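J.: need a structure here:
(one chain, ligands or ions: 2)
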Amino acid sequence: MTNRIQLYDTTLRDGTQRRGISLSVEDKLQIAQLLDEFGFDYVEGGWPASNPKDTMFFQLAKTRLTHAKLTAFGSTRRRGVFVEDDANLRAILDAQCPVATLFGKSSVFQATQILGLSLQDNLEMVEESIQFLRQHDLEVIFDAEHFFDGCKSDVDYALQVLRAAEAGGAQWIVLCDTNGGSLPHEITEYVELARRAVSVPLGIHAHNDSGLAVANSLAAVIGGATMVQGTINGYGERCGNANLCTIWPNLVYKMNRQAGRELMLKELTRLSRTVAEIANLMPDDSAPFVGDNAFTHKAGVHVGAVRKFPEAYEHVHPESVGQSRRILVSELAGKSNLLYNFHNLDASSETVTELVQTVKKLEARGYQYEDAPSSMKLLVERSLGNVPSYFEVDRFHASVTKDQRMISEATVRIIIGNEHFVEVGEGDGPVNSLDVALRKALSQIYPIIEGLRLKDYKVRVLDGRDGTGALVRVWIRSEFRDETIQTVGVSRNILEASWQALLDSVDYALWVSHTVPAHLGKQSQPL
Ligand SMILES: CC(=O)SCCNC(=O)CCNC(=O)[C@H](O)C(C)(C)COP(=O)(O)OP(=O)(O)OC[C@H]1O[C@@H](n2cnc3c(N)ncnc32)[C@H](O)[C@@H]1OP(=O)(O)O
Ligand SMILES: CC(=O)C(=O)O
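T.: Ligands and ions are numbered 1, 2, ... in the order given. I've put the predicted structure just below:
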């Protein structure tokens with residue numbers, strides 16, 4: 001038995017059947033080249049008879065792949081049409097790919113009720129269509145649509161369809177769990193049955209309607225399949241296709257099989273994120289291996305163990321799939337969470353215990369530090385006496401006036417050293433005005449602060465029952481030089497919460513740039 005599993009990607013065809021995905025020709029070319037770089041063996045480009053974009057894609061993609069074989073997808077010939085006259089088969093030939101993937105019915109119900117065929121006609125359609133493409137020197141992969149459901153109702157007929165495909169000259173027969181309703185033990189059993197029925201190598205094409213597409217694909221490999229079809233990030237119609245970003249590392253790291261360009265597994269996360277970006281979809285944070293949370297630890301007990309042995313709560317090394325470990329600090333943290341992140345803390349000091357308690361108390365008041373690491377860092381460094389006071393806030397005022405247009409204005413009074421600074425800011429809203437006024441005032445002494453830019457601002461109402469008097473959490477993301485600063489503020493007053501988050505972002509920027517506070521000397525520029 002070969003140890004190598006052929007990776008067959010259908011993101012560009014079955015993946016685009018997912019609601020919300022519409023790839024341009026250029027998008028498809030980019031994804032195809034990426035899959036090629038990662039060593040996928042087959043890239044299914046689309047259905048050339050389906051739409052002008054797919055036709056155009058095949059014209060352009062032909063010369064772009066160096067390793068992967070480009071495959072054109074389509075159905076067996078239509079009922080009552082000669083193969084040489086069938087528009088779909090002709091379009092496949094016109095695509096000029098080295099490989100054609102034909103799907104045909106392998107269930108009695110589908111052949112008779114959906115296509116309205118006699119069982120014999122269906123077998124002939126499958127055999128003749130494959131034969132026709134083989135005569136034109138194409139490698140032919142036969143996707144046996146509804147194979148597992150077909151087996152459950154009439155196993156003899158399902159196997160007859162496979163034999164017809166073999167007789168037609170198919171080089172691969174791919175068993176499809178088209179409705180995604182099968183269970184892993186059924187998949188293994190029917191793959192083993194198919195192996196005994198035909199000598200053509202087998203593949204698996206699983207859908208995720210029962211949440212089992214990955215498990216079913218691996219179950220098929222156990223049963224003897226040597227090709228796995230799937231998509232990047234599991235994109236596909238309804239609940240999606242088998243996720244190759246999960247299957248590939250499992251095959252290589254857990255099942256000891258060879259697949260793809262294995263060195264590239266270390267960049268798997270990049271593959272997943274790039275395809276998500278091109279498809280204009282948010283990456284799934286909880287995706288196995290490649291999700292943002294896949295190696296993120298929050299619970300104190302887990303972090304305590306991971307500090308000793310990462311494998312205590314990690315099934316593979318994060319680096320093996322292009323990830324890194326992240327430890328969150330929150331109300332569920334123990335001392336280990338802080339010690340992992342802040343190497344300057346002394347494990348035996350009371351400060352660490354006190355900090356853990358402070359975080360728990362602040363989170364009980366509505367703060368959330370896991371997405372505000374800059375506020376967290378300030379909390380720690382302030383407790384160690386490492387963050388000087390750069391300025392004092394005397395007062396601020398913000399107003400919104402409806403005139404010809406909405407006008408937001410803020411006045412900020414601050415004290416730096418012995419000097420008072422008063423500045424007015426105008427902006428898109430009161431928070432923006434406060435930000436403008438504060439930075440105007442500060443930049444007179446700390447010009448470096450002009451480089452701080454507010455990039456994102458989010459508000460979360462924490463206790464909706466109190467209506468407008470509810471507690472709100474404000475989260476701010478700013479950019480400063482190459483750094484992203486994420487801070488948090490909490491109050492019943494949205495301006496007060498925003499102000500806290502703004503002040504933290506300013507303090508953080510001054511502190512990371514080693515700015516000397518004005519009252520400590522003339523020099524207020526970074527050292
Ligand atoms: C399981 C899968 O994911 S298979 C892939 C499904 N993907 C797609 O359908 C996306 C691309 N599809 C398309 O662009 C269009 O459906 C086309 C161009 C292929 C066909 O469009 P139309 O000719 O208008 O047919 P329509 O989509 O309404 O119906 C499907 C036709 O395919 C026929 N068909 C379905 N499966 C097969 C098969 N395995 N072999 C032969 N014909 C088939 C049906 O009988 C039906 O033809 P009929 O109307 O003469 O009965
Ligand atoms: C061929 C295919 O896409 C399926 O059966 O799901």
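
J.: can you name the residues bridging to the residue in the stretch 401-527 of the chain that ligand 1 sits nearest to?
T.: Per C-beta to the nearest ligand atom, Asp456 is where the stretch 401-527 of the chain lies closest to ligand 1, at 38.1 Å. Just so you know, the C-beta spots here come from the backbone N, C-alpha and C atoms, and that holds for glycine as well. In this entry, Asp456 is beta-bridged to Arg477, by DSSP bridges.

J.: next one: it from Leu378, what distance?
T.: According to C-beta to C-beta, to the nearest Å, Asp456 and Leu378 sit 19 Å apart.

J.: neighbours around the residue of the stretch 401-527 of the chain closest to ligand 1, how many?
T.: The local packing of Asp456 (other C-beta atoms under 10 Å) involves 11 other residues.

J.: verify the contact between it and Arg477 for me.
T.: Yes: at 4.0 Å, Asp456 counts as touching Arg477 under the criterion of C-beta atoms under 8 Å.

J.: per-residue confidence at the closest residue to Val380 other than its chain neighbours?
T.: Leaving aside its chain neighbours, Val380 sits nearest to Phe342 (5.1 Å; criterion: C-beta to C-beta, 6 or more residues apart in numbering). pLDDT, Phe342: 97.

J.: quick one: Phe342 from Ala364, how far?
T.: Here Phe342 is placed at a distance of 22 Å from Ala364 (C-beta to C-beta).

J.: more neighbours, these two?
T.: The neighbour count for Phe342 versus Ala364, taken as other C-beta under 10 Å, is higher for Phe342 (18 against 9).

J.: gap between that one and Ser505?
T.: Distance of Phe342 to Ser505, given as C-beta to C-beta: 19 Å.

J.: likewise for Trp172?
T.: To Ser505, Trp172 is 57 Å away according to C-beta to C-beta.

J.: neighbour count winner among the two?
T.: More crowded of Trp172 and Ser505, by other C-beta under 10 Å: Ser505, with 28 against 23.

J.: that one contacts Ser478, correct?
T.: Yes: counting by C-beta under 8 Å, Ser478 is a contact partner of Ser505 at 4.7 Å.

J.: what residues sit buried inside the strand or helix carrying Leu93?
T.: Element membership of Leu93 [criterion: DSSP states H and E] is helix 87-94. Buried residues in helix 87-94, counted by 16 or more other C-beta atoms under 10 Å: Asn88, Leu89, Arg90, Ala91, Ile92, Leu93.

J.: which ones are touching the closest residue to ligand 2 within the stretch 301-450 of the chain?
T.: Nearest residue of the stretch 301-450 of the chain to ligand 2: Val321, at 26.8 Å (C-beta to the nearest ligand atom). By C-beta atoms under 8 Å, 6 or more residues apart in numbering, Val321 lies in contact with Pro249, Leu265, Lys266, Leu268, Thr269, Phe289, Val290, Ala294.

J.: got a pLDDT number for the fourth one?
T.: Just to be clear, that refers to Leu268. Per-residue pLDDT puts Leu268 at 98.

J.: enumerate the residues of the stretch 151-300 of the chain near ligand 1.
T.: Thr178 (C-beta under 6 Å from any ligand atom).

J.: could you pull out the helices in the stretch 151-300 of the chain for me?
T.: For the stretch 151-300 of the chain, the helices defined by DSSP state H, counting those that start in this stretch cover 184-197, 213-223, 244-249, 268-279, 300-308.
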